[in-house]
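[1] here's my sequence, what's the structure:
(one chain, ligands or ions: 1)
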Amino acid sequence: MIVGKREMMASSGPYHGEFLRRIETIPTHGLGLSVDIYDPDIASLRRSLQERQVSPAFLEVFRTTPMALASARKEVGNGLLTYHGEGLWLTQPEMVDSTTFKQEIAATAEQLMIVQSAWVNHECATKYLAGYYFGTYLPPLYTPLSAQVVADNTRLIQHLLDQQCRLANGSTPLVLLEMPPLTYFVAGTMSIPRFFQLVSEQAPCGLVLDVGHLWTVFRYSGAYRAMSLTRFVEEFLNEFPMDRVVEIHVAGLAVHASHRILDSRLKGGRGEDTLPAWIDAHAAPIPPVLFEMLDQILCHPQLTSLKGLALEVDTKPIELIVNEFAQFSRRYEALFSPQGNGAQTVPEFEPCSLSEEPRSISDMQTLGVAYDRYAQVLAGKTEPVGPEWSQDQASIQNLDYYRSVYLPYEILHWGGKVEDMFVESCRRLSARDLSLDGFVTFWFSEPRPFPGTYDFFLLKVERFVEFVHQVAPELRGIAEREAEELRCAYRFANEPNVLLYEG
Ligand SMILES: [Fe+2]
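    Reported below is the predicted structural model:
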């Protein structure tokens, strides 16, 4: 399913010329770091890098508050910053019709203006699926109809940014889609590289190829049982639209903390699994195998639009970041030649064209039903049957692991451990023999409309109060008090000046 045609594919279609015009305006960025502004603190990290004389040519920052981004901009002076967006959920057929979508685009445009980023990278993935919320990214359904929706939404986002976001050099940030990781499973009817080829044929976007994500495709598509890693990478790249790759990411991989709970379940039952059960893990060290894959990727003859190569190091100890970046710089310093480093002349502004063809309502309904089924499968409410789900034993076991171990762990630990957040409520629930497993069931009990900006922490706070109200109404007051304290602390952590002004 993952690999197909052997010959290399060059991008084509009506939007490739537009992509080429846009990419001309983007200067070479070189070797960079993709960071979390808070963790580790960006100023301390920059100091440590300077002491080792290994300064990155650019920093990619994740979506946060405008105030935090403004202070990051001030911290780096005239240095290059790029932007990793979040919350546009462009894989979802219903998203663009929501009022939230327009607010999210406006917020993205505002943040891009602060950062002055040449691109907005967004995972081609979602954390909100058919009314259900997840803590980590879910890949799209890899189907032709889903690719069409991703392309339509990407064109719309580019069009809106063209209207709302003009950088100081006169250009508009280019929308980049990042191929997401697989977290134990994949769903779809077509190969992943072919999916991105279809998207690229129908939108002028660039792409981000994340080497660790590619390793998880090798691992969880089951390709590793049929071929070597080298051959997998070769066949994957030959089908992937490599001439659209604008940025490459390299990040850590690790066995997830939940894995300790049921270690044996990923073994496939017959001991045939020889690869570790790694998933994307930015805090973890980068395994050497990813640099072997990167070397192979960098040799690909159609990698003609590459502007930046970044280690993703958010939430990682500073010492490890500095060591990894020093090694990385030595290994790849010759990659970006000094010629052409300056920003190119920006040609006459050309807004992204939108398709004349209205979306077919029945296509949207079909995809909506497919995503609804996808969410139901993940929530354990229905079984993974039908053309989108592989029926081989290892795939079923991996999906089962995601549903029964990883996902509950995510609800109870990701973005804040429930037991540490609601100490008193949890103690009293425990005294009544009420297990927190019930909170996971409650979480997926029914779909909810999208309320506004996605914030997993705040959602968890809200849902836990509702859960307590349902299972132990007499504890609601305690849960509400703890929730208010959590919201207040969270607000202060994100915008420390807010309380000072208010108070
Ligand atoms: Fe990435």
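
[2] please make it C-alpha for all contacts and neighbour counts, starting now.
    OK.

[3] are we agreed that Met293 is in a strand?
    No: in this structure, Met293 is helix, not part of a strand, as judged by DSSP: H, G, I helix; E, B strand; the rest coil.

[4] that one and Val233 touch, don't they?
    Yes: using CA atoms under 8 Å, Met293 is in contact with Val233, at 7.3 Å.

[5] so which residues of the stretch 201-350 of the chain form helices?
    Applying DSSP state H, counting those that start in this stretch to the stretch 201-350 of the chain gives helices spanning 211-220, 229-239, 288-298, 318-332.

[6] now do the longest one: which elements does it pack against?
    In other words, helix 318-332. On a contact count with 3 or more CA pairs under 8 Å, 6 or more residues apart in numbering; DSSP states H and E, helix 318-332 meets helix 42-51.

[7] mind listing the strands the helix or strand following the helix it packs on pairs with, and their directions?
    Beyond helix 42-51 on the C-terminal side, the first helix or strand identified by DSSP states H and E is strand 58-62. With DSSP bridges as the test, strand 58-62 is paired with strand 30-35 (parallel), strand 80-84 (parallel).

[8] residues in contact with strand 58-62: which ones?
    Here strand 58-62 makes contact (CA atoms under 8 Å, 6 or more residues apart in numbering) with 29-37, 79-86.

[9] could you pick out the buried ones from those?
    Burial by neighbour count, judged by 16 or more other CA atoms under 10 Å, picks out 29-37, 80-86 from the contacts of strand 58-62.

[10] what backbone torsions are found at Ile37?
    The phi/psi pair for Ile37 (degrees, to the nearest 10) reads phi -60, psi -30.

[11] touching, it and Ala70? I think so.
    No: Ile37 is beyond contact range of Ala70, at 10.9 Å (criterion: CA under 8 Å).

[12] returning to that earlier point: between the buried ones among the contacts of strand 58-62, which is closest to Leu303?
    The shortest approach to Leu303 among the buried ones among the contacts of strand 58-62 belongs to Gly30, at 14.4 Å (CA to CA).

[13] and the residue nearest to Gly252 when sequence neighbours are not counted, how far is that from Trp215?
    Distance criterion CA to CA, 6 or more residues apart in numbering; nearest residue to Gly252, sequence neighbours excluded, is Ile286 at 4.0 Å. From Ile286 across to Trp215, the span is 12 Å (CA to CA, to the nearest Å).

[14] residue ranges with poor pLDDT in the chain?
    By pLDDT under 70, the weakly predicted segments of the chain are 1-9, 260-273, 337-353, 355-359, 451, 495-503.

[15] got the domain ranges for it?
    16-332, 416-503 (automatic domain parsing).

[16] how near is Leu20 to Leu320?
    Using CA to CA, we find Leu20 at a distance of 37 Å from Leu320.

[17] Phe492: which element?
    helix 476-494.

[18] same for that helix, what does it pack against?
    Under the contact criterion of 3+ CA pairs under 8 Å, 6+ apart, helix 476-494 touches helix 423-431, helix 456-471, helix 496-502.

[19] and that helix, which residues are buried?
    476, 478-480, 482-483, 486.

[20] now render those as CSV, adding distance to Gly252.
    Shown next, in CSV, are those (distance: CA to CA, whole Å):
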residue, distance to Gly252
Arg476, 41
Ile478, 40
Ala479, 37
Glu480, 38
Glu482, 35
Ala483, 33
Leu486, 30
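
[21] of the residues you listed, just say which sits nearest to Pro14.
    Leu486 (50.2 Å).

[22] quick one, which of the helices and strands packed on helix 476-494 is packed in tightest?
    Across the helices and strands packed on helix 476-494, the average number of neighbours (mean count of other CA atoms under 10 Å) peaks for helix 456-471, which reaches a mean of 18.

[23] where does Tyr128 sit: helix, strand or coil?
    Assigned by three-state DSSP, the conformation of Tyr128 is strand.

[24] need the nearest residue in space to Ala310, chain neighbours excluded.
    Gly32 (4.4 Å).

[25] typed the wrong thing, it's Tyr409
    Spatially, and ignoring its direct neighbours in sequence, Tyr409 is nearest to Ser258 (6.4 Å; CA to CA, 6+ apart).

[26] circling back to that earlier point, just say which of the domains of the chain is most tucked in.
    Of the domains of the chain, domain 16-332 is the most buried (mean count of other CA under 10 Å), at a mean of 20.

[27] what sits up against stretch 174-186?
    Contact partners of stretch 174-186, identified using CA under 8 Å, 6+ apart, comprise 22-23, 118-125, 137-139, 141, 154, 157-158, 205-210, 212-214, 216-217, 220-221, 246, 279-280, 389, 395, 398-399, 401-402.

[28] can you show me the CA trace of that stretch as PDB?
    Output of stretch 174-186 as PDB, limited to C-alpha atoms (Å, rounded to 0.1, in the frame of the first residue of the first chain):
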ATOM      1  CA  LEU A 174       3.700  30.100   1.700                       C
ATOM      2  CA  VAL A 175       1.500  27.300   3.100                       C
ATOM      3  CA  LEU A 176       3.600  24.200   3.700                       C
ATOM      4  CA  LEU A 177       2.000  20.900   4.600                       C
ATOM      5  CA  GLU A 178       4.000  18.500   6.800                       C
ATOM      6  CA  MET A 179       3.600  14.800   6.300                       C
ATOM      7  CA  PRO A 180       2.400  13.600   9.800                       C
ATOM      8  CA  PRO A 181       3.800  10.700  11.800                       C
ATOM      9  CA  LEU A 182       2.000   7.400  12.100                       C
ATOM     10  CA  THR A 183       1.300   6.600  15.800                       C
ATOM     11  CA  TYR A 184       0.900   2.900  15.500                       C
ATOM     12  CA  PHE A 185      -1.700   2.800  12.700                       C
ATOM     13  CA  VAL A 186      -2.600   4.100   9.300                       C
END
